[in-house]
Structures are given as C-alpha cells and as structure tokens.
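Chemist: Test case, fold it:
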Amino acid sequence: MKKLFAVPTKSGKLCEHFGHCESFAVIEVDGSSVTRNEFITPPAHEPGLYPRFLAEMGVSTIIAGGMGQKAQDLFRQNNIEVFTGIGYEEPHKLVEAYLNKKLVSSENPCDHEDHGSHDCSH
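Modeler: So this is what the prediction gives:
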C-alpha cells in the first residue's frame, strides 16, 4: 500500500514551523520501503494554502515541528494525519520512525489558541 508523507524542510532537515519552510520533502512509501524521496518548493505561503497544496499531491501524513491549531484543523479536514512537536531531523529518518511506530507527537511549540489565526514565528 502506497502512502505519501510530507515534511517541511529548511537546509534539508525538518523546519521548526511548517509555514516558514523552504521546501517539503515528499516521501513515498510502499509497504515498508521508501520508493521516492524528493524536495518540492511550495507556492508562497498563505493561510490555508499548504493543506490544500499537499492534499492535491496525495499526501496522507505531515510530520512537522510547530504548527498552529487552525493549520492542524485544515490538514485534518483534507484527510491528512498530523504529527507535531517533532525534533530537528532528516525527513527520511522521521518517516522511518513513523513506519517503526516510534514517531510520537509531543508538545507543539506553536499554540495559537490565544492568537487566532496568526502564524507562529519560529
């Protein structure tokens, strides 16, 4: 079964906040094997754009550091599983941790309950 993962990146590693990334590592997995790993430059960031952009590509899971609650909700509305609070690491290692059931969301550094829809500025 094929599955697409997206990891927001900066300099080839996980970016602290998905809205500030230079690119997305898009990693395709078939069963337990990585079959494709490419970096895609996203369009200019606007609120709500990245969830639609990644959903249209067929991404089913996003692995991120910080992400506001509104963005998380938009990803989920686009049927994309969200992992946040993930540490700085190479994207393929994060996907491997997911496949080995060792990837766990932790405290999200971007909590926007008191800030409405503002971007997290990490």
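Chemist: just the helices in the protein please.
Modeler: For the chain, helices defined by DSSP state H occupy the ranges 49-57, 69-77, 91-99.
Chemist: Now do the first one: everything it contacts.
Modeler: Okay, so that is helix 49-57. 4, 6, 18-19, 24, 26, 40, 42-43, 62, 71, 74-75, 77-80 (Cβ atoms under 8 Å, 6 or more residues apart in numbering). Heads up, the C-betas are built off the backbone N, CA and C, glycines and all.
Chemist: Over to the last one?
Modeler: Outside helix 91-99, the residues that touch it by Cβ under 8 Å, 6+ apart are 5, 7, 9, 13-14, 25, 27, 29, 32, 34, 37, 61, 63, 83, 86, 103.
Chemist: make it 10 Å
Modeler: Helix 91-99 is contacted from outside by 3, 5-9, 12-14, 23-29, 31-34, 37, 39, 61, 63-64, 81, 83, 86-90, 102-104, using Cβ atoms under 10 Å, 6 or more residues apart in numbering.
Chemist: List the buried residues of it.
Modeler: 91, 94, 95, 96, 97, 98, 99 (16 or more other Cβ atoms under 10 Å).
Chemist: Distance-wise, check the first one relative to residue 23.
Modeler: Meaning residue 91. Going from residue 91 to residue 23 by Cβ to Cβ, to the nearest Å gives 10 Å.
Chemist: State the number of residues packed around residue 18.
Modeler: Neighbours of residue 18 under the rule other Cβ atoms under 10 Å: 33.
Chemist: Who does the closest residue in space to it that isn't next to it in sequence form a beta bridge with?
Modeler: Spatial nearest neighbour of residue 18, excluding adjacent residues (Cβ to Cβ, 6 or more residues apart in numbering): residue 8 at 3.9 Å. Beta-bridge partners recorded for residue 8 (DSSP bridges): residue 24.
Chemist: which residues are in contact with both of residue 91 and residue 23?
Modeler: What both residue 91 and residue 23 touch, as defined by Cβ under 10 Å, 6+ apart, is the set 7, 8, 9, 12, 39.
Chemist: Farthest pair within those?
Modeler: The distance between the two most remote of the shared contacts of residue 91 and residue 23 (Cβ to Cβ) is 11.7 Å, for 8 and 12.
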